[in-house]
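Whatever this is, show me its structure:
(4 chains)
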Protein chains: 4
Amino acid sequence: MNFTSDNVSGAAPEILEALIAASTSGPMPSYGADPLTARVTEKISALFEREAAVFPVSTGSAANALALATLAPPYGAIYCHEMAHVNTDECGAPEMFTGGAKLVGLPGAGGKLTPGLLRATLEKAGVGVVHSVQPAAVTLTQATEAGTVYTPDEIAALAEVARSYGLPVHMDGARFANAVVSTEASPADLTWRVGVRVLSLGATKDGALGAEAIVSFDPSLDESIQRNRKRFGHLLSKQRLAAAQLLGWLGDGAWLRHADHANGLAARLGDGLAGAGATITHPVEANMVFATMPEAEADALRGAGAIFYTQALGDDRVEARFVTSWSSTVDEVDALVAAAARHISG
Amino acid sequence: MNFTSDNVSGAAPEILEALIAASTSGPMPSYGADPLTARVTEKISALFEREAAVFPVSTGSAANALALATLAPPYGAIYCHEMAHVNTDECGAPEMFTGGAKLVGLPGAGGKLTPGLLRATLEKAGVGVVHSVQPAAVTLTQATEAGTVYTPDEIAALAEVARSYGLPVHMDGARFANAVVSTEASPADLTWRVGVRVLSLGATKDGALGAEAIVSFDPSLDESIQRNRKRFGHLLSKQRLAAAQLLGWLGDGAWLRHADHANGLAARLGDGLAGAGATITHPVEANMVFATMPEAEADALRGAGAIFYTQALGDDRVEARFVTSWSSTVDEVDALVAAAARHISG
Amino acid sequence: MNFTSDNVSGAAPEILEALIAASTSGPMPSYGADPLTARVTEKISALFEREAAVFPVSTGSAANALALATLAPPYGAIYCHEMAHVNTDECGAPEMFTGGAKLVGLPGAGGKLTPGLLRATLEKAGVGVVHSVQPAAVTLTQATEAGTVYTPDEIAALAEVARSYGLPVHMDGARFANAVVSTEASPADLTWRVGVRVLSLGATKDGALGAEAIVSFDPSLDESIQRNRKRFGHLLSKQRLAAAQLLGWLGDGAWLRHADHANGLAARLGDGLAGAGATITHPVEANMVFATMPEAEADALRGAGAIFYTQALGDDRVEARFVTSWSSTVDEVDALVAAAARHISG
Amino acid sequence: MNFTSDNVSGAAPEILEALIAASTSGPMPSYGADPLTARVTEKISALFEREAAVFPVSTGSAANALALATLAPPYGAIYCHEMAHVNTDECGAPEMFTGGAKLVGLPGAGGKLTPGLLRATLEKAGVGVVHSVQPAAVTLTQATEAGTVYTPDEIAALAEVARSYGLPVHMDGARFANAVVSTEASPADLTWRVGVRVLSLGATKDGALGAEAIVSFDPSLDESIQRNRKRFGHLLSKQRLAAAQLLGWLGDGAWLRHADHANGLAARLGDGLAGAGATITHPVEANMVFATMPEAEADALRGAGAIFYTQALGDDRVEARFVTSWSSTVDEVDALVAAAARHISG
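Residues are numbered from 1 along each chain as shown, chains lettered A, B, ... in the order given. Here you go, the predicted structure:
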């Protein structure tokens, strides 16, 4: 009953298999010239219905920071949701990789940016003023930190605001697979077709051990991404390590299968907790459930064997976060719901 | 007959086994709080006969740059051999991670720094002068880029010069296992006992897929390494990926067994090439052989199926580099030697 | 009737005199070893009743960014008012000089930080969490961007919160002289006695042409300030240029005389505008007046010859900012007040 | 008899006059929108026979580092003479401003780069190799650190090598006026006509107190220079401070008059020292004389009242550097020559 994060799980079977095969297949050219990397690029291009450049890396923070460093100059401002991982959980990696760009975190219900606030913020941003950092990029998280997802239309509306200021759009897709399943939209309809220029495509939270891909839809960015990837220590000598994981993940649709599994369990959990009387904070659209309850009740759930994070809200209440993954089980979810039924008073 | 680098090989069996076990062992705390990381730290502390802090990362460039960023301020000078990987093959990663420190490459036979030149250089370095970057650190490569190794006494003599200027010593141990086997010295005698403060301990070239460890012998550095590792995107969420590889590598002495194998084959190859009439450039002390020959003869070796790098020397001569690894075989070496006997005129 | 800023004025007579004397006094050692710099240091130490290290530079942005780069690591968070010059008007200089630290702008009436919000923010800042930038410093602006001043007690209360989290306090004193005059407190009582560790002491807005001093009350910071000043191109070879201006400014109390003049005119202007029916936004405690009025009325004032900035508030209203300086005159102020009486309807 | 540097002198009379006029001429727009800056731009464009963008700053290190930051990406290599000020005397400023680019210092007689070595170095630089920093710019010092000057033909030959690798050329013209006088070439013939894209034009060593101008001949660079100037704290709020100095310097040819004076005295001194038996190390082509002599003789010259730098050569010999400036006098030079005649044995 470990619901702390989708990064506590091990490797999904398809990914492990691919890793074993890659590990034992003899000499391969290093630094990305291997055949597995070529196949990942083909696979991703096919899935996204467009030629894309693909740069495998080991962590999501690296994927995000490298992408943003390509889009924003050191004197740039990058607009994101105030809860965004890049803004709160990467210890300043984007600021570091960009050489000092400024992240501007904006509020928005359900962890989502809104076109209105984005436009209003850009209007006052001092474009062209020498004293002001200059608007440089917008980054969206899909699925969001609140477990919600952007629809293609919502992305398009935000990208349109960005476009009107000449800003490229980056997507932090650490949970992109969950969003694809949730929206039933195609990868293309969630990205380049609605204005996303670079995507951090995350496999780690969805069954890999450590494999993410920077997916660039703009060839003019590739040289910069490639150089920076090396210079920040993120070019793997035996890149087959990451490429194999990505192949196993994407291979026969495993990525969507696992995301569907996780999303389904989150929905089941959300319904169960709501039924038990907990207040569900955000719509459950991906693989995370946020619920508020008295601290004592959260402690009781922990006493029943559940592991999860809480954030104090004051007044002895907490917001609990439950994350499901490819390796979560119906039994675990049902056990947690049963405990909730016993301990949550509503 | 792929002798281009020790990074073209796949995973050694012990490492793959450990990886499989780690991948299927259920939920584990993320970001390094997992039990495997704890065991790696214990294991390395035991092998080095001293409590050490261990920070697994995915690449050697990351290990080196993070270590140097901890030792040198942005206005520092880092002294290294002019052929050092940090100076020539990391696309400016140390300069980036340190915020602009200056690498000062010094010549030296066999890829090795000498205490005399290091001292003479430091004497003229402008210590205390506001206009001059300030001496900040010395970094040694063990085994060197030339396939030689430093003895404990040689390291001690260099560290003594460094110490007299208050400079810490870092060791780039991408091929540390090869040096341990070659010198028959203990890990401790090659590092902290002779003045090394931080070691980049590399497993990737010796059988891992992507696993290196920053090994710190100075607890005052740990906070900075930890912070920077995160901020440069090198803290793995599922750190078991790297920790498992390191455990499999160190586990039952596999690391030294594989290095011994590779070193032995390099020696065999060096003898064979010399016997065939090639000029061996550097003493063959680890897993690399450098040999000069006419370009036409190198081409003939390639025609016989060998893959390797050459560097033009002018006069239609080249210096060829042959690297052996855990996965190289006696048959490959002997086939190359046989080809050399046919094609090299001496 | 130029009220756009206190940086539109030329040099005050005492400063010009000192500059002329310094320019014609023959050879002097360069890079700060000149006698004028020594005298500035003595003078500032005397005025602040404590030995201080003094680093003259040409701009306030440089003074602030160098001071903050000394206080905050690249993975640090720096807390400031959301209107602070460092946060809005230096194009990311602090982020650049620190290597990517994060400025956290907090709201607060009258441009002033409050201890309560500062403490609440620090409580949620993730101290010790590897994913979070770490609280590193607090910076206060004195006088503030809103033309108000902090009392010694207010500074002490903020510094106490900072101290409880181990954070040093920096003060952006671009208008420090105005604050000294306004509070009638001693320089010491406004800085180190109430917890300020480094002060950016600004002369430019108060009569110099380009001279600011980083004043450090903590000798452990001096090496870093000195190095960074050079490395960021802010060590003047003929430092007499800045030192002479500072000497002329501080010499016989000119700095306070000029500030008193400017503050007095601002008060007169504030009263006059209020009398005419404008809404004064912030208490007029230094040399700035903020007043809201319909845009048409602001245009009418401009038509009458006044120059000043406005910020649109929506609803056809604007907030106008009027800044007085050592060179503003009673006649200018009275002319503006007269125009206001004609054009502002209240 | 202070020959330590041309930065020990005060302000030349024309410059001081211009500064006084600017200081007392009432309100002016700030941050470079003042009329003096516009006039400097016109004046420089006229002198260089081409529209140029001009960015006044306070120090030569700032001018150089800002120019190089515009030309080189963080993963770039910048080629310079090993004695170049940017390489040895700016405490890593170019590395800092560029975000970690690498300075590659090349040897060359008389402080001058040679096309042959530059080409040979670039040929081995690993263009396109992901592991190698990429050639990004060439920077020349005019006059050089050795007191020699490049002819237009020499610059053109170096620029041609640079051009063949797609590299822009920067010129550090801290002593540009001395080179103009020495070569009798026009400013245009020494810069853009022979391939220089950006010039650091230095007035400080030639009579200003603190005024340099980045002169850009490539409009595509201007936005970056402008942004970085602000972000590195080098945009003066009262830019008249620097603009006025530059106007006074260039105004009626004072810049060349002062340089001619300094060059003439250096030639006189060089002849005198040679006549006394000292070995002159480099051709005396600008305002610096380098001479080797026994340390005891240098001490005797100091005993006679001369102040200058020496560098130990071993064997009790030193290389002495004598720098003349606009404020040096014939009497001082003759007194030093007389002392040399007494003390130097040849």
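
Retrieve the pLDDT associated with the residue of the stretch 151-300 of chain A found nearest chain B.
Among residues of the stretch 151-300 of chain A, the one nearest chain B by CB to the nearest CB turns out to be A:Gly233. It sits 3.2 Å away. Backbone N, C-alpha and C define where each C-beta goes, glycine included. Note for A:Gly233: predicted pLDDT of 97.

what helix or strand is the nearest residue to it once chain neighbours are set aside on?
Using CB to CB, 6 or more residues apart in numbering or on different chains and skipping residues adjacent in sequence, the residue nearest A:Gly233 is B:Ala62, 3.2 Å away. Under the criterion DSSP states H and E, the helix or strand holding B:Ala62 is helix B:60-71.

rewinding a little: now do the same contact list for the residue of the stretch 151-300 of chain A closest to chain B.
Listed by CB atoms under 8 Å, 6 or more residues apart in numbering or on different chains, the contact partners of A:Gly233 are B:57, B:59, B:61-63, B:65-66, B:90, B:93, B:97, B:232, B:234.

Can you give me the end-to-end span of stretch A:4-12?
18 Å (CA to CA, to the nearest Å).

That should have said stretch A:96-111, apologies.
End-to-end distance of stretch A:96-111 (CA to CA): 24 Å.

does chain D sit close to that stretch?
Yes: taking CB under 8 Å from any CB of the partner chain as the criterion, stretch A:96-111 and chain D are in contact, through A:99-100.

Dump the next helix or strand after the helix holding B:Ala62 to PDB, keeping only the CA atoms.
On the C-terminal side of helix B:60-71, the nearest following helix or strand under DSSP H and E is strand B:76-81. The C-alpha atoms that make up strand B:76-81 are tabulated as PDB, following Å, rounded to 0.1, in the frame of the first residue of the first chain:
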ATOM      1  CA  GLY B  76      39.300  29.000  -9.500                       C
ATOM      2  CA  ALA B  77      41.900  27.200 -11.600                       C
ATOM      3  CA  ILE B  78      41.900  23.500 -11.800                       C
ATOM      4  CA  TYR B  79      45.200  21.800 -12.800                       C
ATOM      5  CA  CYS B  80      45.100  18.700 -14.900                       C
ATOM      6  CA  HIS B  81      47.000  16.800 -17.600                       C
END
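
Direction included, what does strand B:76-81 pair against?
Partner strands for strand B:76-81, per DSSP bridges, with pairing direction: strand B:102-106 (parallel), strand B:134-141 (parallel).

Buried deepest among the ones you listed, which one?
When the strands paired with strand B:76-81 are scored by mean count of other CB atoms under 10 Å in any protein chain shown, the highest mean neighbour count falls to strand B:134-141 (a mean of 26).

angle of that strand against helix B:60-71?
Compare the direction of strand B:134-141 with that of helix B:60-71 by axes from the mean of the first three to the mean of the last three CA atoms, to 10 degrees and you get 150 degrees.

Work out the gap between strand B:134-141 and the centre of the chain.
With CA atoms, centre = their mean, to the nearest Å as the basis, the distance from the averaged C-alpha position of strand B:134-141 to the chain average is 16 Å.

same thing with stretch A:262-281?
Stretch A:262-281 sits 21 Å away from the centroid of its parent chain (CA atoms, centre = their mean).

Same question for stretch A:3-19.
Between the centre of stretch A:3-19 and the centre of its host chain there is 16 Å, according to CA atoms, centre = their mean.

Quote the end-to-end distance of that stretch.
By CA to CA, the extent of stretch A:3-19 from end to end equals 26 Å.

averaged over its residues, what pLDDT does it have?
97.

Is that stretch positioned near chain B?
Yes: residues of stretch A:3-19 contacting chain B under CB under 8 Å from any CB: A:4-5, A:7-11, A:16, A:19.

Sort out for me which of these are in helices.
Within those, membership in helices is found for A:16, A:19, as judged by DSSP state H.

Which single one of the residues of stretch A:3-19 next to chain B is nearest to B:Leu250?
For B:Leu250, the nearest member of those is A:Leu19. The distance, counting by CB to CB, is 20.2 Å.

Next, the contact list for the closest one, please.
Contact analysis of A:Leu19 by CB under 8 Å, 6+ apart lists A:11, A:209, A:241, A:244-245, A:248, B:19, B:23.

Ok, A:Lys124 next?
Contact criterion CB under 8 Å, 6+ apart gives no residues in contact with A:Lys124.

from memory A:Arg229 sits against A:Leu235, does it?
Yes: in terms of CB atoms under 8 Å, A:Arg229 counts as a neighbour of A:Leu235; the distance is 5.0 Å.

In terms of packing, which of the two has more residues around it?
In this comparison of A:Arg229 against A:Leu235, neighbours counted by other CB atoms under 10 Å in any protein chain shown, the higher total goes to A:Leu235 at 27 against 24.

And for A:His131, the neighbour number?
For A:His131, the number of neighbouring residues by other CB under 10 Å comes to 16.

Any stretches of chain A with poor pLDDT?
In the predicted model of chain A, residues A:346 satisfy pLDDT under 70.

Any residues of it in contact with chain D? List them.
So chain A meets chain D at A:31, A:73-75, A:99-100, A:130-131, A:134, A:226-228, A:230-231, A:235 (CB under 8 Å from any CB).

between the residues you listed, which has the most around it?
Across the residues of chain A next to chain D, neighbour numbers were computed from other CB under 10 Å; A:Arg231 holds the maximum, 30 neighbours.

Give me the nearest residue to that residue, chain neighbours excluded.
Among residues not flanking A:Arg231 along the chain, B:Cys91 sits closest, at 4.6 Å (CB to CB, 6+ apart).

cool, A:Ala136 as well?
Here the residue nearest A:Ala136, using CB to CB, 6+ apart, is A:Gly76, at 2.8 Å.

now do A:Ala306
Nearest residue to A:Ala306, sequence neighbours excluded (CB to CB, 6+ apart): A:Met1, at 4.5 Å.

can I assume that neighbour is in contact with A:Arg302?
No: counting by CB under 8 Å, A:Arg302 is not a contact partner of A:Met1; they are 9.5 Å apart.

Which of the two has more residues huddled nearby?
A:Met1 (19 against 16).

For the more buried one, give its distance to chain C.
Summarising the geometry, the distance separating A:Met1 from chain C, computed by CB to the nearest CB, to the nearest Å, is 24 Å.

What separation is there between that residue and A:Val8?
With distances taken as CB to CB, to the nearest Å, A:Met1 is found 11 Å from A:Val8.

again, but for A:Ser216
Distance of A:Ser216 to A:Val8, computed by CB to CB: 30 Å.

how far does stretch A:175-185 sit from the chain's center?
11 Å.

list the helices and strands the top helix by length along chain A packs on?
What stands out as the longest helix in chain A, according to DSSP H, is helix A:254-276. With contacts taken as 3 or more CB pairs under 8 Å, 6 or more residues apart in numbering or on different chains; DSSP states H and E, helix A:254-276 sits against helix A:176-183, strand A:279-280, strand A:288-294, strand A:317-323, helix A:330-343.

I'd like those laid out as JSON lines, including mean neighbour count and distance to chain C.
Formatted as JSON lines, the helices and strands packed on helix A:254-276 follow (neighbours: other CB atoms under 10 Å in any protein chain shown; distance: least, CB to the nearest CB, whole Å):
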{"stretch": "helix A:176-183", "mean neighbour count": "26", "distance to chain C": "20"}
{"stretch": "strand A:279-280", "mean neighbour count": "15", "distance to chain C": "21"}
{"stretch": "strand A:288-294", "mean neighbour count": "24", "distance to chain C": "17"}
{"stretch": "strand A:317-323", "mean neighbour count": "22", "distance to chain C": "13"}
{"stretch": "helix A:330-343", "mean neighbour count": "17", "distance to chain C": "25"}
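
Shouldn't A:Lys43 be within a helix?
Yes: according to DSSP: H, G, I helix; E, B strand; the rest coil, A:Lys43 belongs to a helix.

just checking, it touches A:Ala243?
No: under the criterion of CB under 8 Å, A:Lys43 lies out of contact with A:Ala243, with a separation of 10.0 Å.

quick one, which of those two is more surrounded?
Set side by side, A:Lys43 and A:Ala243 give different neighbour counts by other CB under 10 Å, the larger being at A:Ala243 (27 against 16).
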